[in-house]
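Q: Turn this into a model:
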Amino acid sequence: MKAWHFLKQDNRCQHGNLGEIKVGETYKVEGRIVLCNRGLHASIRLIDALHYSPGPVLCRVEMGGEIIKDKDKVAASERTVLWMADISDLLHRFACDEAERALKASNVTDPRSWKAIRTKRRWLKGKATDAELTAARAAARAAARAAAWDAARDAACDAAWAAARAAARDAARDAARDAACDAAWDAARAAARDAARDAACDAAWDAARAAAWDAARATQNEHLTARAQRLMRKTA
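A: Reported below is the predicted structural model:
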């Protein structure tokens, strides 16, 4: 089973005493495998592995021996490192690209939000200081806080749904998936409106938001994985 796993900057694991990890080596643990307790961990989706990342060094690994699967990770008694690279720059650029997509999807025009991304790109090229980056980030956060709660919620809803629809369109193989996506979202929004401010409204809103989040994460995983795979081909 192939999976993704991150290491710290020094090529070492966050937990355990495996020493410096090297490509081509197979690492093993003894005893019964228990998720989050005993075993060598990794994630099938790169976006999930990033969630648990202790650093920027990405590994493509082969999991073997006893394997236990969870929703966003696996634990095994054996893990073989197939490829390894520091992807700091890739992650920075990925973050900028995804932020731009989100701003476009929600029609954000506040210049402070866009300036934060431009400053980050300049920082990556060594043309902006850490202080400039910090200031631009603070301004972008202030822009987000400036909106009223209701307006912010609507904007977040629109942005999440736009991302979810884009993900569905990109991944869909036929019109049925788009139609189902539209129908499910329309039903959720209608349920939320009809329920007003009671618990049913909250449940409908949470369900719709969760669906949009999952779709957006799936799209982000596709984008990030494609970048990592291109890097693997170049450095293999």
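
Q: where does the residue positioned nearest the centre of the chain land in three-state SS?
A: Per C-alpha atoms, centre = their mean, the C-alpha nearest to the average position across the chain is that of Ile47, at 4.2 Å. Secondary structure for Ile47, judged by DSSP: H, G, I helix; E, B strand; the rest coil, is helix.

Q: ok now do the nearest residue to it once chain neighbours are set aside, which residues does it touch?
A: Of all residues beyond its chain neighbours, the one nearest Ile47 is Asn221 (3.8 Å), with distances taken as C-beta to C-beta, 6 or more residues apart in numbering. No exception for glycine: its C-beta is placed from N, CA and C like everyone else's. The contact partners of Asn221, taken as C-beta atoms under 8 Å, 6 or more residues apart in numbering, are Arg45, Leu46, Ile47, Asp48.

Q: Highest neighbour count among the residues you listed?
A: Tallying neighbours with other C-beta atoms under 10 Å puts Leu46 at the head of the contacts of Asn221, with 24 neighbours.

Q: Go ahead and confirm that residue touches His223.
A: No. The criterion here is C-beta atoms under 8 Å, and Leu46 misses it with His223 at 9.8 Å.

Q: Out of the contacts of Asn221, name the two that are farthest from one another.
A: Leu46 and Asp48 (7.3 Å; C-beta to C-beta).

Q: Give the residues shared as contacts by those two.
A: A shared contact of Leu46 and Asp48, defined by C-beta under 8 Å, 6+ apart, is any residue touching both; here these are Trp4, Asn221.

Q: Let me know the secondary structure of Ser53.
A: Under the three-state scheme (three-state DSSP), the conformation of Ser53 reads as coil.

Q: List the contacts of it.
A: For Ser53, counting by C-beta under 8 Å, 6+ apart, the contacting residues are Phe6.

Q: again with Thr235
A: Contacts of Thr235 by C-beta under 8 Å, 6+ apart are Trp83, Ala85.

Q: Could you rerun that using 7 Å?
A: By C-beta atoms under 7 Å, 6 or more residues apart in numbering, Thr235 lies in contact with Ala85.

Q: Over to Glu132?
A: Counting by C-beta under 7 Å, 6+ apart, Glu132 touches Thr119.

Q: where's it relative to Ala140, distance?
A: Between Glu132 and Ala140 the computed distance is 13 Å (C-beta to C-beta, to the nearest Å).

Q: for Arg227, same thing?
A: Relative to Ala140, Arg227 is positioned 24 Å away (C-beta to C-beta).

Q: Which residue of the two possesses the greater neighbour count?
A: The residue with more neighbours, out of Arg227 and Ala140, is Ala140; 23 against 17, by other C-beta under 10 Å.

Q: buried set for the helix or strand that one falls within?
A: Assessed by DSSP states H and E, Ala140 sits inside helix 130-146. Using 16 or more other C-beta atoms under 10 Å as the test for burial, helix 130-146 gives Leu133, Ala136, Ala139, Ala140, Ala143.
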